[in-house]
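Asker: Quick one, what's the 3D model for this:
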Amino acid sequence: MFPLLRFSYCFVLIAIFSFAGIAQAKIKVIFDTDIGSDCDDAGALAVLHKLADDGLIEILATIHSSRTDTSHNRYGAGALDAINTYYGRPDIRIGVSRETDVGDGEVQYVREVALDQKRYGHDILTADQAEDMIDVYVDLMRTHDDIVIVTVGHPIALWHLLDRGHGPLIEEKVKSWFAMGMAVLGSPENSLDYWYRDWNFGANGMRDFVGELLEKWPAPFYLSPAGNDIETGNELLAKYDEINPVRRSYRVWLDWFNPEKNERNSWDQIALIAAAVGEGEWFSFDSSGAMEYRDDEQSFLRWNLNAANPLHHRVILNTTPEEMRAIVEEYMVRPPLFSDAPLPMDRYFAWCVVPFDEPQRSPEARIEMLKGLGFDTYAYDWRVKDLEDTARELQLAKEAGVNVNSVWMWFDGRYDTVEGLNEPNERLFQIVEETGYTGELWISFNDNFFADLDEGQSLKKSVEFLDYVAGRANDLGLKLGLYNHGGWFGDPRNQVRIIEALPEREIGIVYNFHHAHDQLADYKEIAEAMLPHLYAVNINGMRSEGPKILTLGEGYLERKMMNILLEMGYEGEFGVLGHVHGVDVEGILTANLQGLRNLGLLK
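Answerer: So this is what the prediction gives:
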């Protein structure tokens, strides 16, 4: 299975971590790096954002725990902000060291990335513009539970937390600390019981603090040494140009380190993935032994198999190096969720407006309200009482330069047949003919239309009825949009069967997130099936457990669901819902637009 992962990220995260898995509680991660001393820190940041994209983790903060005074790495915070911004998360908190005890010298690639604000659009340039790392840690621990700290550099911030008396807070709020370190143990020929030196735990002044840190650290500790024989970056360098700051980081660092190389060890990425996915197919956690320190400049750390510390665990790789290389590379080469993000406003229209317009605006006022929010398109939903103004509203919208992309029709098995439709639906067809409106007719059914019918009978009845409706609609210049609204007809796979049975009719699909909670496990399959027929997608904040209606940005699946469609090539529009009773629809639409901006999906 694993060699296939390099060719399709879907095998990594949609097959292995299904939507059911994504819907589980996300791991809250503080990512702590000495970005600059090596390029795998930048690679790990790419992995960090992809894990967040797939709903496995929530990124609480990125920390640059390396001294930032004049002669040292002042630009680490800027590089973090550039990479975070590139991946669509410009507001992640960034903490930096205000200390002068541990850290690297200035490194070229972080300086280049940080200074290129025009290309990456980030705000922070140097460390003085970022928060103090200890303040960030303490604030997040006070406001969050079950935090997972991942350090891929010198863990000096953790020593300072203990030194300032925050041990009890760590014990209460930190679920685990995953540390990349002791890389020498990643090579099987090296004995666990030998004493070694180590970069993350000993270089640049860190050795003076590591003994006390290991002795006093009060939360579960996981040492991840793997990565010596797993080199990645070649595909990243081949696929992207310098618009990708991670690719740029690799190229600049490798040109300095060894211009003939196109890859670097994957220590940091593996530690992060282990923290995110836990024990299972890829990793095991061995609790035998403990990490020990001795005061020796040359060899000061070992994993003592005869020692006992219930908090210490060692991360063991269950895959082959080639399998893990493919996994890491796959994460690193995946683009931001929206390579051309954020989407322009003309990719969005308003939906569920007229029946939810609580102030009962006139058509003129409603059109002005929508224009004021930035919408140049909306879909026309209605109830019987609205039909007296429908013709006028369609004409007013046209005069105002606002596009009504569709009108709605609802069928009830008690009244709508191939012999004729109920009075309101017949009236709508009359209005369409009188006004010369051409657009889409979105239709759906009451469940009673298919009551007591089996699969074959449901298909036969719907095909016969929709052939009649589509014939009338198409004759008036309307395309028919099949709208999922629950029940048998609400499964887009059944809608595709209907469309395929009526090849002479102009029929497509209008997909609605808020009627799709029971389809999440099969979402990718459904998306592939309906994509060739897809007219529009109405979006909603999405959690697998509900509720049905949720503000955009308050779910954890909507961005992922939109991205799957966009990566498949969907070029249509997205409907923004005003679907809340008893509240001014303007406020609901405004909140949803802000949610899109918060997600980085709207300019």
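Asker: Going by C-alpha atoms from here, please, whenever you check contacts or count neighbours.
Answerer: Noted.
Asker: what's the first-to-last distance across stretch 180-192?
Answerer: 16 Å (Cα to Cα, to the nearest Å).
Asker: same question, stretch 289-306
Answerer: Using Cα to Cα, the span of stretch 289-306 from its first residue to its last is 6 Å.
Asker: where does this structure dip in pLDDT?
Answerer: Of all residues in the chain, those with pLDDT under 70 make up the ranges 1-24, 70-72, 106, 189, 240-243, 337-341, 556.
Asker: And for it, the residue most distant from the center?
Answerer: Here the chain reaches farthest from its C-alpha mean at E419, the gap being 48.5 Å by Cα atoms, centre = their mean.
Asker: didn't A183 look like it was pressed against N228?
Answerer: Yes. In this structure, A183 sits in contact with N228. The criterion is Cα atoms under 8 Å, and the distance is 6.6 Å.
Asker: Common neighbours of those two, please.
Answerer: Between them, A183 and N228 share the neighbouring residues W267, with contact defined by Cα atoms under 8 Å, 6 or more residues apart in numbering.
Asker: The two: which has the busier surroundings?
Answerer: The neighbour count for A183 versus N228, taken as other Cα atoms under 10 Å, is higher for A183 (19 against 16).
Asker: What separation do you get for the closest residue in space to the more buried one that isn't next to it in sequence and P310?
Answerer: The shortest distance from A183 to any non-neighbouring residue, by Cα to Cα, 6 or more residues apart in numbering, is to P225 (4.3 Å). Relative to P310, P225 is positioned 19 Å away (criterion: Cα to Cα).
Asker: More neighbours: these two, which one.
Answerer: Neighbours were tallied for P225 and for P310 using other Cα under 10 Å; the higher tally belongs to P225 (23 against 13).
Asker: From S266, how far off is the more buried one?
Answerer: For P225 relative to S266 (Cα to Cα), the value is 10 Å.
Asker: before we move on, the earlier item: close enough to count as contact, the residue nearest to A183 and G186?
Answerer: Yes. The pair P225 and G186 qualifies as a contact (Cα under 8 Å) at a distance of 4.9 Å.
Asker: Excluding chain neighbours, give the residue nearest to G186 in space.
Answerer: Computed as Cα to Cα, 6+ apart, the closest residue to G186 that is not its neighbour in sequence is A226, at 4.3 Å.
Asker: Enumerate every residue touching that neighbour.
Answerer: Per Cα under 8 Å, 6+ apart, neighbours of A226: 183, 185-187, 266-267, 270-271, 315-317.
Asker: helix/strand/coil for L441?
Answerer: With DSSP: H, G, I helix; E, B strand; the rest coil as the basis, L441 sits in strand.
Asker: do F489 as well
Answerer: In terms of secondary structure, F489 is coil; the call rests on three-state DSSP.
Asker: how many neighbours does it have?
Answerer: Close neighbours of F489, defined as other Cα under 10 Å, add up to 23.
Asker: so what's it closest to, chain neighbours aside?
Answerer: By the measure of Cα to Cα, 6+ apart, the closest residue to F489 outside its immediate chain neighbours is Q495, 6.6 Å from it.
Asker: Kindly report the same for H64.
Answerer: Closest to H64 by Cα to Cα, 6+ apart is V96, at 4.8 Å.
Asker: In this structure that neighbour contacts N73, no?
Answerer: No. With contact taken as Cα under 8 Å, V96 and N73 are classed as non-touching, separated by 10.3 Å.
Asker: quick one: which of those two has more around it?
Answerer: Neighbour comparison, V96 and N73: the larger count goes to V96, with 30 against 26 (by other Cα under 10 Å).
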